[in-house]
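Q: okay, predicted coordinates and the sequence, questions at the end:
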Amino acid sequence: MAFFGLFGNDAAMAANEYAGRQSATDRAREREEKRSAKRRERHHRSGATRAARQGQAWEDADRHREQYGRFGRRH
């Protein structure tokens, strides 16, 4: 008849059984937060690199225009 004491106190038993443990939902949320942070970092890194390359290309073209003129003729 020990089973009669178990009915109705599921929440209390769960609190004791899983005390100090992290829920599956919390673990999934943390994993997704880490993935999101990595995704943002990759996006930032690739975007910054792309912008630097575009800026360097513009600077090179501008220097070429200053040196050779708009149509490539030397001044």
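A: Nice, I can see it.

Q: remind me which residues of the protein are low pLDDT?
A: Low-confidence segments of the chain, defined by pLDDT under 70: 1-8, 14-15, 17-18, 72-75.

Q: what ranges do the strands span in it?
A: Taking DSSP state E, the chain contains no strands at all.

Q: where exactly do the helices run in it?
A: In the chain, the segments counted as helices under DSSP state H are 10-17, 24-68.

Q: any chance of those in JSON lines, plus mean neighbour count?
A: For the C-beta atoms, the positions are set from N, CA and C on the backbone; glycine is no exception. Formatted as JSON lines, the helices of the chain follow (neighbours: other CB atoms under 10 Å):
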{"stretch": "helix 10-17", "mean neighbour count": "9"}
{"stretch": "helix 24-68", "mean neighbour count": "10"}
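
Q: so how far is residue 64 from residue 36?
A: 42 Å (CB to CB, to the nearest Å).

Q: got it, and residue 70?
A: 10 Å.

Q: and if you look at residue 51?
A: From residue 51 to residue 64 the distance is 20 Å (CB to CB).

Q: do the same with residue 47
A: Where residue 64 is concerned, residue 47 sits at a distance of 26 Å (CB to CB).

Q: and for residue 52?
A: 19 Å.

Q: go on, residue 21?
A: Going from residue 21 to residue 64 by CB to CB gives 65 Å.

Q: now do residue 31
A: Taking CB to CB, one finds residue 31 at 50 Å from residue 64.

Q: same deal with residue 33?
A: 47 Å.

Q: go on, residue 53?
A: 16 Å.

Q: swap in residue 57?
A: 11 Å.

Q: residue contacts, residue 16?
A: With contact set as CB atoms under 8 Å, 6 or more residues apart in numbering, residue 16 has no partners.

Q: now with 10 Å?
A: residue 9 (CB atoms under 10 Å, 6 or more residues apart in numbering).
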